[in-house]
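Asks: I'll drop the sequence and a predicted model, then ask my questions.
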Amino acid sequence: MSEAGAAAVTLARAAPEARRRHALGRLAGRNRLAIVGALALLLAVSAALLAPWLPLADPDAVDTPNRLRPPLTAGHTLGTDEFGRDLLARLVWGARVSLTAGALSAAAAMLIGVALGVLGGFYTGWIETVVMRLTDILMAFPYVLLAIAIVAGLGPGLRNAMVAIAIVGFPFYTRLVRGVVLSLREREFVEAARALGASDAVILGRHVLPHLLSPVIVAFSLDVGAKILATAGLSFLGLGTQPPTADWGSMLATGRQFVILSPHVVLLPGLAIFVIVLALNLVGDALRDLLDPRVG
Amino acid sequence: MRRYLARRLLLLVPVLAGVSVIIFMVLHLAPGDPAEIMLGSQATREDLARLRADLGLNEPLHVQYLHWIGHVARGDLGRSLWMKRAVLGEVLTRFRATLLLTATALVLSTTIGVALGVAAATRPSMPSFWLGIVLMVVFALRLGWLPASGMYAPHGGGDLGDLLSHLVLPAVTLAAASVTIVARLTRSAMLDTLGQDYVRTARAKGVSDRAVVLRHGLGNALVPIVTVVGVQAGYLLGGAVLTETVFAWPGVGTLMVQGILARDFPLVQGCVLVVALSFVLVNLGVDLLYAWLDPRIRYE
């Protein structure tokens, strides 16, 4: 009884927290797929993180007598590629490269985009003009095409591919953030803070940035998947990861020539990309349902 | 409307100027000497000096840009180092193939996507180049129903049927990603309009279900649908690069990748410029369509 009473008191105190948890439960029930997606992501991320300690074959060890073995061969659960390298090991090590590349380029795009969006939304005049014209011009290019052109200039390689993807990706965040900041700028609490003599830094840090968190988190979670697809695409064209490093996109590209006799060499990395990006999209959609008050 | 059109066309000038600056900078600010990159490490000093003089690489950067853009404005995109031919003609020939592929994919994704509008679709998560390979293996290599690559059969082809059979797999591949986007948006736009009061009024008047859905629902949902289809057109133009590579489709995408691998900068610049220009024009076209579709939209 007393225990239940104490629980009730805690519950009353933690009412907003409990309500949020309740909403979370409701969402989870409605969105079992998102849970499955989150689990798949968790599995992929932990495999990628733990790769050096997992009992895996050397992903770059060439073993030509055992080339293009089908899955479920003894010693090679998922078979081998055209050089006899273990596909399971390459997939797991490739996950490290692909996931890191996706997350880092999305993070870089977000940081640049949010910074410019805040500047362009908060300050009128030449700053706004410069920022918005720059995003207009970058958005006047088809996304993939500009990334390819930038890599062409910088030279092929994973780091340059990520730089290119971050550059073509940031205007998306700038647009999003600027819209939110523009509406916040006119709100009463910002006006009040200004009237009380708060500096721009305080207004931005205390009153503007917290409001940006949820839209940016949602956009970011959906963007990582898009960035994984984009880096894989550049690697597929031979402009990203260079051999022998395993990466899902380059595995697809080199496996292409052997697709008739050994389709698994292409099917497995493609499936890996598909499942991870789908999982990211499911989780991102669930986050949007949770954080975006406009979606009922 | 005419004034709006004039203003939009005028606004194209700074955007295109910016686009050209970015294209120029991207390939010229890269670390290393462009002449050395283009000719490779085996080149002799004389070859390098000649190419530098040829391309005007000894001039200051802004002089090089003005020189280049002056030629571009006159329709001269330079000469491809690798193919030894004028870039513009080559790019335009290839652009026809890309346009055919993109337009087919756009028609496919729009019709299928709008028709599937009721199905709850999600964002694309399948790499198009992978889907392309899978389709190629199944329909071309295993079943042998369709050709695996190229635009025409090497022997005895060349007619419309030959072209269409080559077009099927790349167009379906390219369309697949945007089908889901168009379907998802159509669904939400339709739900939005069908919940409006005027739809209830129409139903109350006894208008048939078909007429309500098509005239009152789809008619009013068209504005957001056109927006997303316009965005998709640009996305498909860019995404065509990957699809063209998978299916060896002789479009701008494959040309550009070949240009990059051959370090043929004038060719790459020409490809990017032509595609970016068409993308900008598509966006302008979409904006103009709004006014026609929705009489409430008036441009001041």
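Replies: All right, it came through fine.

Asks: Sketch out the low-pLDDT regions of the chain for me.
Replies: Picking chain A for this. For chain A, the stretches with pLDDT under 70 are A:1-30, A:292-296.

Asks: you looked at the wrong chain, it should be chain B
Replies: Those would be B:1, B:29-34, B:115-128, B:154-158, B:295-300, if you go by pLDDT under 70 across chain B.

Asks: Of all the residues in it, which one is nearest chain A?
Replies: Nearest residue of chain B to chain A (C-beta to the nearest C-beta) works out as residue B:238 at 2.7 Å. The C-beta positions use only the backbone N, C-alpha and C, and glycine is treated the same way.

Asks: what ranges do the helices span in the stretch 151-296 of chain A?
Replies: Remark: helices assigned in the stretch 151-296 of chain A by DSSP state H, counting those that start in this stretch are A:158-185, A:188-195, A:200-202, A:209-236, A:248-255, A:264-291.

Asks: other SSEs contacting the first one?
Replies: Using 3 or more C-beta pairs under 8 Å, 6 or more residues apart in numbering or on different chains; DSSP states H and E as the contact criterion, the secondary-structure elements in contact with helix A:158-185 are helix A:87-122, helix A:126-139, helix A:143-154, helix A:209-236.

Asks: now the fifth one
Replies: The helices and strands touching helix A:248-255, judged by 3+ C-beta pairs under 8 Å, 6+ apart, are helix A:87-122, helix A:209-236, helix A:264-291, helix B:128-135.

Asks: just how off-centre is it within its chain?
Replies: Relative to the chain's own centre, helix A:248-255 is displaced by 20 Å; criterion: C-alpha atoms, centre = their mean, to the nearest Å.

Asks: cool, and the third one?
Replies: Here the centre of helix A:200-202 is set off from its chain's centre by 30 Å, with C-alpha atoms, centre = their mean.

Asks: these two touch, right, residue A:250 and residue A:234?
Replies: No. Residue A:250 is beyond contact range of residue A:234, at 9.5 Å (criterion: C-beta atoms under 8 Å).

Asks: who touches both of the two?
Replies: Shared contacts of residue A:250 and residue A:234 (C-beta atoms under 8 Å, 6 or more residues apart in numbering or on different chains): residue A:240.

Asks: Just give the nearest non-adjacent residue to the residue of chain B closest to chain A, would you?
Replies: What sits nearest to residue B:238 in space, not counting adjacent residues and going by C-beta to C-beta, 6 or more residues apart in numbering or on different chains, is residue A:142, at 2.7 Å.

Asks: and the one you found, backbone torsions?
Replies: phi -60, psi 130 (degrees, to the nearest 10).

Asks: Could you tell me which residues make contact with it?
Replies: Contacts of residue A:142 by C-beta under 8 Å, 6+ apart are B:234, B:235, B:237, B:238, B:239, B:275, B:276, B:279.

Asks: ok, it to residue A:230 distance?
Replies: 12 Å (C-beta to C-beta, to the nearest Å).

Asks: follow-up on the earlier one: could you save the helices and strands packed on helix A:158-185 as a markdown table and add columns showing distance to residue A:40 and mean neighbour count?
Replies: A markdown table is the format used below for these (distance: least, C-beta to C-beta, whole Å; neighbours: other C-beta atoms under 10 Å in any protein chain shown):
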| stretch | distance to residue A:40 | mean neighbour count |
| --- | --- | --- |
| helix A:87-122 | 12 | 23 |
| helix A:126-139 | 32 | 16 |
| helix A:143-154 | 26 | 25 |
| helix A:209-236 | 12 | 22 |
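
Asks: Out of those helices, which gets nearest to residue A:47?
Replies: Evaluated over those, closeness to residue A:47 peaks at helix A:87-122, with 5.2 Å, by C-beta to C-beta.

Asks: Distance from the closest one to the middle of the chain?
Replies: Counting by C-alpha atoms, centre = their mean, helix A:87-122 comes out at 6 Å from the chain centroid.

Asks: and it with chain B, contact?
Replies: No. Helix A:87-122 does not reach chain B (C-beta under 8 Å from any C-beta of the partner chain); its nearest approach is 10.8 Å.

Asks: Enumerate the residues of the stretch 151-296 of chain A near chain B.
Replies: Checking the stretch 151-296 of chain A against chain B by C-beta under 8 Å from any C-beta, the hits are A:151-155, A:222, A:225, A:229, A:232-233, A:236-239, A:249, A:252, A:256, A:259-260, A:263, A:266-267, A:269-270, A:273-274, A:277-278, A:280-282, A:285.

Asks: typed the wrong thing, it's the stretch 1-150 of chain A
Replies: Those residues of the stretch 1-150 of chain A that sit near chain B, judged by C-beta under 8 Å from any C-beta, are A:133-134, A:136-138, A:140-146, A:148-150.

Asks: tally of neighbours for residue 175?
Replies: No chain specified, so I'll use chain A. When neighbours are defined as other C-beta atoms under 10 Å in any protein chain shown, residue A:175 has 17 of them.

Asks: actually chain B
Replies: For residue B:175, using other C-beta under 10 Å, the count is 26.

Asks: What distance do you get for the residue in the stretch 151-296 of chain A that chain B sits nearest to to residue A:230?
Replies: Distance from chain B to each residue of the stretch 151-296 of chain A (C-beta to the nearest C-beta) is smallest for residue A:270, at 3.4 Å. For residue A:270, the distance to residue A:230 equals 15 Å [C-beta to C-beta].

Asks: Repeat that for residue A:259.
Replies: 23 Å.

Asks: Pull the contacting residues for residue B:133.
Replies: Here residue B:133 is in contact with A:252, A:256, A:259, A:266, A:270, B:246 (C-beta under 8 Å, 6+ apart).

Asks: Excluding residues flanking it in the chain, which one is nearest the third one?
Replies: Right, residue A:259. Sequence neighbours aside, residue A:266 is the residue nearest to residue A:259 in space, at 4.9 Å (criterion: C-beta to C-beta, 6+ apart).

Asks: residues near the one you found, how many?
Replies: Neighbours of residue A:266 (other C-beta under 10 Å): 24.

Asks: From residue B:239, how far off is the residue in the stretch 101-250 of chain A positioned nearest to chain B?
Replies: Residue nearest to chain B within the stretch 101-250 of chain A (C-beta to the nearest C-beta): residue A:142, separated by 2.7 Å. Counting by C-beta to C-beta, the gap from residue A:142 to residue B:239 is 8 Å.
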